Every structure is written in C-alpha cells, then in structure tokens.
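Asks: Provided below for reference: sequence and predicted model.
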Amino acid sequence: MPVHTKHPEVLVVGAGPSGLVLALSLIQNGVSVRIIDRNPELRAGQRGAGIMPRSMELFELLGLSKPILDIGFVTPPVKTYDLHKGLECSGTFEIAPYMEPTAAFPYLNILCLGQDHLETILRRELEEKYHCPVELGTELLSFSQEKDYVSAKLRTLDGTEQDLTFSWLLGADGARGVVRKMLGLSFLGETSNIDKIVVGDIFVEGLEQEFWHMWGDAGSTLISLRPTETPSLFNFILTGKNIDNASMSHDLDGLRDSFIRCTGAGDSVKWGKITWVSNYRPNIRMVGSFGEGRVFLAGDSAHVHSFTGGQGMNTGIQDSFNLAWKLALVQRGLASPSLLRTYTEERLPVIAEMLNQTTVLLKQTFIKKEKPSAWRRGGSLLQLGVNYRWSSVIVDEQSDDEDDYSDDEDDFPDSYGEDLGAQLRAGDRAPDAPGLLNLTLEEDRPATMKRLFELFGASYHTILVFVWDLHRCSTILKGISSSCPKGLIRTVQIVRADFGRHVEFGPFCADYTVEDTRGHAYDAYSLTEGCHAVVVRPDGFIGAIVQDNNGLRKYFHGIFGSN
C-alpha cells in the first residue's frame with residue numbers, strides 16, 4: 001500500500017547542476033524543497049566541465065564562488081601532434097585566451113571543473129547548510145495537476161511507494177527524463193548524423209598537466225586529452241570516420257589500444273584506468289514552452305545540443321536562477337502566477353540562439369573538419385552578453401530610438417550579445433564595481449570596502465540610486481518602502497568619490513550608502529536621459545533603469561502589483 005506523508009512545497013526531480021541550483025535558489029528564497037534523483041549512485045566523470053564567467057557570477061550570488069575557485073583552473077593551452085608521431089609537438093594554440101579581469105567583469109575566463117566535483121560542492125551546501133539531502137534512487141512514477149497542487153507518485157530505493165502532493169513540480173531530470181514526457185511538451189529538433197564520438201575520463205602518466213593535448217583532426221581521427229583538477233586524470237574525446245564508437249564504449253582494452261596506436265607515444269605514455277566512458281551522439285532539440293500549470297522544466301530536460309561551446313550546463317544554471325526567484329514570490333503569495341509566464345518568455349530566445357551557436361561550432365569542428373584551432377572559444381560563449389531587454393517585466397526609461405522590442409517584430413533582439421562595452425540597458429547583466437567605501441557603518445567601527453556583487457543577493461532585489469543629493473535619494477526611496485514587501489528589497493545609495501564622508505541620513509535613507517572611491521560604479525552604470533535608479537533582480541539581471549520613484553513603482557507593480 002502507498003505511504004502518505006507530509007511534504008515540502010516544491011519537488012525537484014533531478015540532481016544535476018540545474019536541479020541542485022534550483023533547490024539552493026528556492027531554499028534561499030524561503031521555499032522548502034525535496035530533491036530526488038532516480039540514479040542510486042552519484043554520477044562520475046567530468047561531463048560538462050567548462051564553467052563560463054556568467055555562471056561564476058551566479059555561483060557568487062549563491063555564496064559558492066570560493067570552493068569552486070579553490071579547485072577549478074583556467075582553460076589550459078593546447079598542444080597539437082600529428083597522428084602516430086608520439087609527443088613531437090606540431091603547434092600550440094589557446095582555446096580560450098586568458099583575459100585580465102576588470103572592475104565590471106571580475107570573471108572573464110572559462111574555468112575547468114568536473115561536473116562531478118561541482119555537484120559535490122552544490123550537494124554539500126544543500127545538505128550541510130540547509131539540511132536538504134539529495135534522495136538518490138528515488139523515482140518519479142507519475143504525477144497529475146490540480147488548480148492548487150500537484151499529486152506525485154514516488155518510489156524510493158527500498159521499493160516503497162509514496163503518494164504526495166506538492167505546490168510545484170520542477171523537472172531537471174535531463175533529456176531522457178520523465179517530467180517533460182509526462183507533461184506532453186514538444187521536444188523539436190534533430191539528432192545529428194555525427195555518430196562516431198567516444199568521450200570519457202582516463203588516467204594517463206607521461207603527459208604534461210599544464211596542457212590540453214590533441215592528435216590529428218576530425219577528418220581522419222582526433223584524440224583530445226584535457227587535463228582535469230584530479231592529478232593524472234584526463235578527459236578524452238575520440239572521434240573519426242574509422243572509429244567504432246559503439247564497441248569502444250564497452251571495450252575498454254580496445255579503447256586503450258586505440259590511444260596507443262593513434263598517438264604513437266610508445267612507452268613514454270602509460271594509459272591507465274578509464275573511470276567512465278560514453279558513446280556520444282549530439283541532439284539539437286528544445287521545448288516550445290518551459291512549463292505548464294504547476295510543472296516547469298530546467299536544463300537538459302528543456303533543451304539539448306552539442307557539447308561544442310560548453311553552453312549546456314551553464315545555460316541550465318541560468319534557467320534555474322530565472323525560475324527560482326519568480327516561483328518563490330508566487331508561492332509566498334507576493335506575486336501573481338502570471339509572473340511565471342516570463343520564465344518561458346525570457347529563456348526561449350536565449351536557448352534558441354544558444355542552439356544556433358553550438359550547432360555552428362559542431363559543424364565547424366566535426367563536419368567541415370576544420371583544424372583544431374576551430375575549437376577556440378570566447379565572445380558570446382562567455383554568456384556575459386545574455387540579456388532580456390525585450391521582456392514584458394523590464395522597464396527602461398532611457399531613450400534609444402534604435403531599440404524597439406514590440407510584439408510585432410518577427411525576430412528577437414540579440415539575446416546572446418558579446419559587446420561588453422555597449423551602453424548598459426535594462427535586461428542586461430548587472431556589472432560589478434569594487435572600491436565602494438561603506439559610509440553607513442557605526443562610528444566606532446572601521447570603514448569597510450565593498451563591491452556590488454557583495455551587495456546583490458539571490459533572494460531580494462537591489463535598488464542602486466546614483467544621486468549626489470541624499471534628500472533626492474530619500475524621495476526616490478520613500479514610495480518604495482511602503483509599496484514593496486518587507487525583506488525583498490535592498491537599497492544602496494552610491495555617491496561619487498568627491499562627495500565627502502560626513503553624511504546626514506534622512507528618514508528614508510538607503511540600507512547602504514557607499515562612496516564610489518575609484519569611480520567604477522559610475523563608469524559601469526553610465527545612465528542616460530536623467531535616470532538615477534537601477535533595479536538588480538535576484539538573478540543578477542537589471543530589471544529596471546528609471547528616473548525616479550514613479551519608475552520604480554512601475555517596475556515593482558509588474559513584479560508584485562497583481563498578487
């Protein structure tokens with residue numbers, strides 16, 4: 001007989017990066033979560049190992065940048081070799097040339113970190129800090145929706161069945177997961193005819209850990225060995241027209257023999273244990289909607305594509321950030337369910353452009369069979385230009401006749417932009433700014449320096465006010481203090497370096513008043529047309545750029561006003 005038990009508010013199905021980030025973001029927003037995964041054991045392997053700069057910014061919002069930076073490393077340079085000629089280097093190139101971080105962009109380099117280790121960091125945070133363990137070996141058997149809840153049937157590792165109800169069900173269970181299929185959403189696209197790719201991890205002795213090593217090219221045979229954060233462990237790709245990928249993914253000795261034969265490295269390289277291997281064939285597919293009713297999707301359950309470009313895991317993380325704060329507001333009765341429509345509205349154009357870009361890279365690398373240097377990554381793939389400028393809940397009072405995001409347009413504006421020096425607009429990623437002297441400290445405490453990323457948070461909106469006059473700041477903030485739910489807004493007054501440090505605070509002063517000692521904040525947020533206030537959403541995107549409290553009320557009415 002099924003067992004009926006009490007339940008948290010949200011069921012997250014799937015404990016990969018997208019599901020784990022969903023759970024963490026929801027919990028930080030005050031929503032209780034149960035997270036399950038049908039696999040009885042943790043997934044091994046590097047898999048999605050490239051962490052893009054935008055993802056690092058989001059991990060900082062969650063408070064997890066340090067443990068990731070402690071073990072991750074910048075993408076190494078590539079050494080190329082001719083097939084069968086051993087370790088005689090034929091050239092070098094940078095897949096992702098190193099870029100010096102700036103004040104506005106503290107993360108500008110792709111970080112290598114195995115997905116298994118990233119998941120460990122995320123699980124540890126969930127379990128140790130929030131007492132929300134991942135339930136391995138627990139399977140979703142079925143679900144049905146009602147107006148106010150979702151009924152779900154689960155089967156745990158010991159075979160016990162549970163009939164439960166949740167306010168929401170979120171599917172992050174991958175392309176082969178059951179949530180999308182049970183929901184009946186389309187998953188349109190194609191399966192690539194590139195079907196001779198074997199991927200996995202192998203221990204190798206005799207190769208420099210400071211380099212990524214490549215033999216040959218995809219036109220004949222390509223062997224790629226990328227170092228990992230684990231000593232002597234390399235992530236490999238083996239592909240080529242004569243590769244029997246189906247048999248090699250099961251014949252580990254045969255796979256090692258292929259490495260020995262194709263590299264010609266002889267006794268100078270020792271090929272050790274293969275820790276995981278997969279026969280890989282790219283799929284390029286996406287849903288037409290990210291959810292229906294009280295069930296939503298994130299990550300690979302909503303979109304899949306080739307691994308070229310390293311966008312998949314990173315894009316799924318952005319899905320989770322976009323959904324979590326909106327769903328939390330609705331669940332807490334602070335926003336209308338209509339806010340959740342903007343999840344699909346904002347993410348679909350981004351995903352469509354991501355699929356376009358990764359498919360082009362796939363063809364360049366494996367169909368056109370260009371040289372390994374075609375693997376170079378950067379620009380829009382860093383995801384720092386991803387934006388929601390067209391979103392219905394974005395408010396921008398800066399005038400620009402060139403921008404027209406009306407519903408009549410056939411095409412969306414560039415949702416995957418890479419011009420990091422362009423004029424900042426509402427809907428863009430919110431820049432960082434270091435060198436902010438905190439003026440709100442008590443007199444007997446030493447002054448502290450802040451950066452904007454320290455003031456942003458995953459569970460509240462941050463209002464940045466750029467005015468000299470504290471009375472004007474008080475006027476801008478006065479109407480907001482009474483119209484926005486308590487605890488969901490943080491206000492920051494930013495004054496120029498020559499403002500002076502003797503500040504008299506009014507009755508509606510900001511939570512923080514900071515002096516922009518190096519001018520980074522005013523440089524990054526170079527507002528136009530008399531605009532003085534910027535609203536940064538919990539997902540680190542700019543929700544509004546406005547002139548005064550009327551503009552702020554307009555924005556927050558779109559978020560909270562119809563609840």
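Replies: Perfect, thanks for sending it. Predicted, not measured: the structure shown is a model, and the values here were computed from it. Numbers count the residues shown, from 1 in each chain.

Asks: what pLDDT, on average, does the longest helix along the chain get?
Replies: In the chain, assigned by DSSP state H, the helix with the most residues is helix 341-362. Average pLDDT, helix 341-362: 83.

Asks: now for that helix, which elements pack on it?
Replies: Helix 341-362 sits against strand 283-286, strand 303-304, helix 312-331, with contacts defined as 3 or more C-beta pairs under 8 Å, 6 or more residues apart in numbering; DSSP states H and E. Any C-beta I mention is one placed from the backbone N, CA and C, and that applies to glycine too.

Asks: in its sheet, what does the next helix-or-strand element following it sit against?
Replies: Using DSSP states H and E, the helix or strand that directly follows helix 341-362 along the chain is strand 395-396. Strand 395-396 sits in its sheet next to strand 542-546 (parallel), going by DSSP bridges.

Asks: Sort out which residues of stretch 46-65 are buried, please.
Replies: In terms of neighbour count (16 or more other C-beta atoms under 10 Å), stretch 46-65 has its buried residues at 46-62, 64-65.

Asks: Narrow the residues you listed to those in strands?
Replies: Counting by DSSP state E, the buried residues of stretch 46-65 place 50, 51 in strands.

Asks: shaky segments in the stretch 401-550 of the chain?
Replies: Applying pLDDT under 70 to the stretch 401-550 of the chain flags the ranges 401-414, 416-421, 441-446, 481-483, 499-508.

Asks: Okay, helices next: where are they in it?
Replies: Using DSSP state H, counting those that start in this stretch, the helices of the stretch 401-550 of the chain run over residues 452-455, 470-483, 520-524, 549-560.

Asks: wait, which of those is closest to residue 398?
Replies: helix 549-560 (10.5 Å; C-beta to C-beta).

Asks: Can you spell out which helices and strands pack onto that closest one?
Replies: strand 395-396, strand 461-465, helix 470-483, strand 533-536, strand 542-546.

Asks: Buried deepest among these, which one?
Replies: Highest mean neighbour count among these (mean count of other C-beta atoms under 10 Å): strand 542-546, with a mean of 26.

Asks: how many degrees apart are that one and strand 461-465 in direction?
Replies: 30 degrees (axes from the mean of the first three to the mean of the last three C-alpha atoms, to 10 degrees).

Asks: The stretch 201-350 of the chain: strands as residue ranges?
Replies: Assigned by DSSP state E, counting those that start in this stretch, the strands in the stretch 201-350 of the chain fall at 212-216, 221-227, 233-240, 270-280, 283-286, 291-292, 295-297, 303-304.

Asks: quick one, what contacts the residue nearest to the spatial centre of the chain?
Replies: Nearest to the mean C-alpha position of the chain, by C-alpha atoms, centre = their mean, lies residue 317 at 3.2 Å. Remark: with contacts taken as C-beta atoms under 8 Å, 6 or more residues apart in numbering, residue 317 is in contact with 17, 18, 21, 55, 58, 299.

Asks: wait, which of those residues is closest to residue 496?
Replies: Lowest distance from residue 496 to the contacts of residue 317 (C-beta to C-beta) belongs to residue 58, with 29.5 Å.

Asks: hang on, that closest one packs against residue 537?
Replies: No: look at residue 58 against residue 537 with C-beta atoms under 8 Å: they stay out of range, at 11.9 Å.

Asks: part of a helix, is residue 18?
Replies: Yes: the assignment for residue 18 (DSSP: H, G, I helix; E, B strand; the rest coil) places it in a helix.

Asks: List the residues that contact the closest residue to it other than its chain neighbours.
Replies: Nearest non-adjacent residue to residue 18, counting by C-beta to C-beta, 6 or more residues apart in numbering: residue 299, 3.0 Å away. Residues in contact with residue 299 (C-beta under 8 Å, 6+ apart) are 14, 16-19, 172, 174, 312-313, 315-317, 319-320.

Asks: Which residue in those residues has the weakest pLDDT?
Replies: Among those, pLDDT bottoms out at residue 312, giving 77.

Asks: can you give me the end-to-end distance of stretch 284-302?
Replies: End-to-end distance of stretch 284-302 (C-alpha to C-alpha, to the nearest Å): 11 Å.

Asks: Please identify the buried residues of it?
Replies: Applying 16+ other C-beta under 10 Å to stretch 284-302 flags 284-287, 290-291, 294-302 as buried.
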